[in-house]
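Chemist: sequence plus predicted model, see below.
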Amino acid sequence: MRSGRTLLPQGPSLPTLVLVALLVGALGEDMIFHPEWGFESYEIIIPKKLSFRGGQQGAVEQVSYLLQVKGKKYVLHLWPKRFLLPRNLKVLSYTEQEKLLEDHPYIPRDCNYVGSVEGTQDSEATLSTCMGSLRGILKIDEEHYQIEPLRGSSSVEHVIYLLKEEDKFQNHTSQNENMARRSDFYNSYKHQKYMEVYLFFDHGVYLFSESNVTRVIYDAVLLMAIMDTFFKEVGMRLHLQGIEIWTERDRLNFDRMETNDILNTFLRDQAKFTAAKDWSHLYISMPLHHASGWAYIGGACTTNYSGSVSSYRNRNILAASRTSAHELGHGVGMKHDTEFCQCRGRRTCIMGTGNSGFSNCSYLQFFDHVNSAALCLNDIPALDTGLVRCGNKIVEENEDCDCGSREECKKDKCCQPDCKFTEGANCSTGLCCHNCHFRPLGYMCREEDNECDLAEYCNGISNFCPNDSYKLDGTPCKHNSLCFRKRCRSRYVQCQNIFGPHAKEAPDQCYHAVNLMGDQYGNCEILGVRAYKACTKANAVCGRLQCINVNTIPDLPEHTIVISTHLQEENLMCWGVGYHKAMIPMGIPDIGVINDGTRCGYNGLCINRTCVNDSVLDFNCFPQKCNHQGIWYGGSIDNGPARKQKEEAPSPIQIVSIMLLRLIFLVISVIVHLAKWHFVLIPIFFNVTFLQGWIGK
């Protein structure tokens, strides 16, 4: 493993020039180690892709890599990002005659990932494999890394840069710093927000990228992926709607302009176009005066202020994405962090000078703004945007299949590059497709997940496994519970899932003592940031879960608070888990609320924190109705009887042998019948040995 570290003094010197020359030679023309780019050191590594058994057929599996950084091995787990890109990304550029060109380049599906490092408490990764190698940002504990493929390497070597500690304060300027009035933002917690973004790159950025449009495109996708990871924390997803690259010259003249004038010029130009977008961001290569970026606070979804500008002058992708995320944060109502803003253990956050994360101040400002304005963020992006094309791995109109590029199709024996089946094939993908043919009728394509689930079987005429189905809501299951929405809803199991195998469900006294209080530890509804609805006595058992016999405090998600309540008269220790409104946008699940479908009272079940009669399920498949043997038989409409998975179809030789044997027995039966009724003695000339030999042929 090669590694290097540079500490360059101010002013020119021969050792410095020699060191830089050596680094340029080692890293190739593409990856130059420059101290002003925010990199502290680098290593050459070879990521190893890991394989695990037990992946589900037809599902997108997680991708894992083994990395060795600073002599220590790390396992990196990655999951595909959703909503980041449309099916056909629009890319605009210009010819030498300044004619506008529109292209829709092929970008592989599921090549942008978010993930974490196994065994580290504070880790985060946003990586892309769209160009065949790993590229992106990796955080391990308090250190940030940037990983790139090593250009010119004959192997799969990558360069991993250690980024310098958080920079000293760099100005990010916004218009109108007055604090807006806070309101109850209850409704904004309930729904995911989506922002559709156009990215613009000036001519200088294009030249810095070696006049390579493809490189700019993949830079844009990675920048958007990193920003999407940032904003996912507050419950907003980013969607890259399009890219514009000024390939011939700058479309706008920014010479001798102040930063705010550059932004206003860009916004006036954007206001001329009617294409629907929530936000536009311009990356420029020139340094900005007194700031690294500029945006208007609350400008998102407005006609004249929905955009920002920032400088992009080197290969530090984290710095570029952090700056543009800071400006976009202004657009959705966030202001600069003050000394009173808390940053969840970090020194500073994105709206300060930090590399990641949003402070509690940013949370409140964001939710306050999107609740009162920025209504366009409620619209879900349209991912399917026309342009049917063979080779995009999506089976579309007039296509039998789609195996991707010609190289990828060489590995597919069922599908041809022209998106037609190979000769004799009737399928290429699907849980009910095997060796280019449909699975037989009754083949189990999806096993039961639990006692309330049902298996699904192929129907023999389709490559798709039928939709997932499960037992009727209200079907009895273990622990005197009921099946509800594919799960056995049991307090006993829920307690064990939280507090371990020795935990048990608490008696009603615990529920009455805790859920009648109306706080974050005991309630029947969260009304606002600090407002909770106390349960009535009848509904107390449908509020927050209470458990007993808890011996140890388990390892629970961050910010989760465990509370115990001692009942003196009963000598009971009741255990539960608190939850408050600010945990919702952070993606922390509420594991301590009673699940819908859990039994309560006499013939009742909990629905929306209320104990209702189980007649609402309209369940009528009682055991006695089917002789105590009645559940749905199989999980699909046309499944037929379930067959053994290892049962094979009989071969032609076996079929012929069986038919011959049956024919011989038929002849013997006829002869015996005639001899019996007509008293005709017919000698039988069959030799047993000969007969056996004939059958065996």
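Modeler: That came through fine.
Chemist: so where's the stretch 151-300 of the chain uncertain?
Modeler: 154-155, 165-191, 273-276 (pLDDT under 70).
Chemist: can you rerun that using 90?
Modeler: 151-157, 163-194, 209-211, 233-235, 251-261, 269-278, 286-293 (pLDDT under 90).
Chemist: all strands for it, in order.
Modeler: Using DSSP state E, counting those that start in this stretch, the strands found in the stretch 151-300 of the chain span residues 158-163, 173-175, 193-201, 236-245, 279-284, 293-296.
Chemist: how far is stretch 283-290 from where the chain is centred?
Modeler: For stretch 283-290, the separation from the chain centroid amounts to 34 Å (computed by Cα atoms, centre = their mean, to the nearest Å).
Chemist: list the buried residues in that stretch.
Modeler: By 16 or more other Cβ atoms under 10 Å, the buried positions in stretch 283-290 come out as 283-286, 288. The way it works is simple: take the backbone N, C-alpha and C, and place the C-beta from them, glycine included.
Chemist: and of the residues you listed, the nearest to residue 376?
Modeler: residue 283 (22.7 Å; Cβ to Cβ).
Chemist: how about the closest one, nearest residue that isn't a chain neighbour?
Modeler: Here the nearest residue to residue 283 in space, its sequence neighbours aside, is residue 312; by Cβ to Cβ, 6 or more residues apart in numbering that works out to 3.9 Å.
Chemist: and for residue 460?
Modeler: Closest residue to residue 460 apart from its sequence neighbours, by Cβ to Cβ, 6+ apart: residue 441 at 3.4 Å.
Chemist: quick check: that neighbour touching residue 459?
Modeler: Yes. Judged on Cβ atoms under 8 Å, residue 441 makes contact with residue 459 at a distance of 6.2 Å.
Chemist: give me the domain ranges for the chain.
Modeler: Using automatic domain parsing, the domain parsing of the chain gives 1-75+110-165, 193-382, 390-429, 476-626, 652-696.
Chemist: residue contacts, residue 519?
Modeler: residue 532 (Cβ atoms under 8 Å, 6 or more residues apart in numbering).
Chemist: return the most buried member of the domains of the chain.
Modeler: Highest mean neighbour count of the domains of the chain: domain 193-382, a mean of 20 (counted as mean count of other Cβ atoms under 10 Å).
Chemist: contacts only, for residue 582.
Modeler: Counting by Cβ under 8 Å, 6+ apart, residue 582 touches 360, 363, 529.
Chemist: in a strand, it, correct?
Modeler: No. Counting by DSSP: H, G, I helix; E, B strand; the rest coil, residue 582 is not found in a strand; it is helix.
Chemist: and it, how far from residue 534?
Modeler: Distance, residue 582 to residue 534, using Cβ to Cβ, to the nearest Å: 20 Å.
Chemist: could you do residue 66 as well?
Modeler: Applying Cβ to Cβ to residue 66 and residue 534 gives a distance of 52 Å.
Chemist: so residue 520 sits right up against residue 533, yeah?
Modeler: No. Using Cβ under 8 Å, residue 520 is not in contact with residue 533; the gap is 11.7 Å.
Chemist: can you check which residues contact both of the two?
Modeler: Common neighbours of residue 520 and residue 533 (criterion: Cβ under 8 Å, 6+ apart): residue 526.
Chemist: specify which residue of residue 441 and residue 459 has the higher count of neighbours.
Modeler: residue 459 (22 against 16; other Cβ atoms under 10 Å).
Chemist: quick one on the thing from earlier: distance to residue 597 added to the strands of the stretch 151-300 of the chain, as JSON lines?
Modeler: Below are the strands of the stretch 151-300 of the chain laid out as JSON lines (distance: least, Cβ to Cβ, whole Å):
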{"stretch": "strand 158-163", "distance to residue 597": "48"}
{"stretch": "strand 173-175", "distance to residue 597": "48"}
{"stretch": "strand 193-201", "distance to residue 597": "30"}
{"stretch": "strand 236-245", "distance to residue 597": "30"}
{"stretch": "strand 279-284", "distance to residue 597": "41"}
{"stretch": "strand 293-296", "distance to residue 597": "47"}
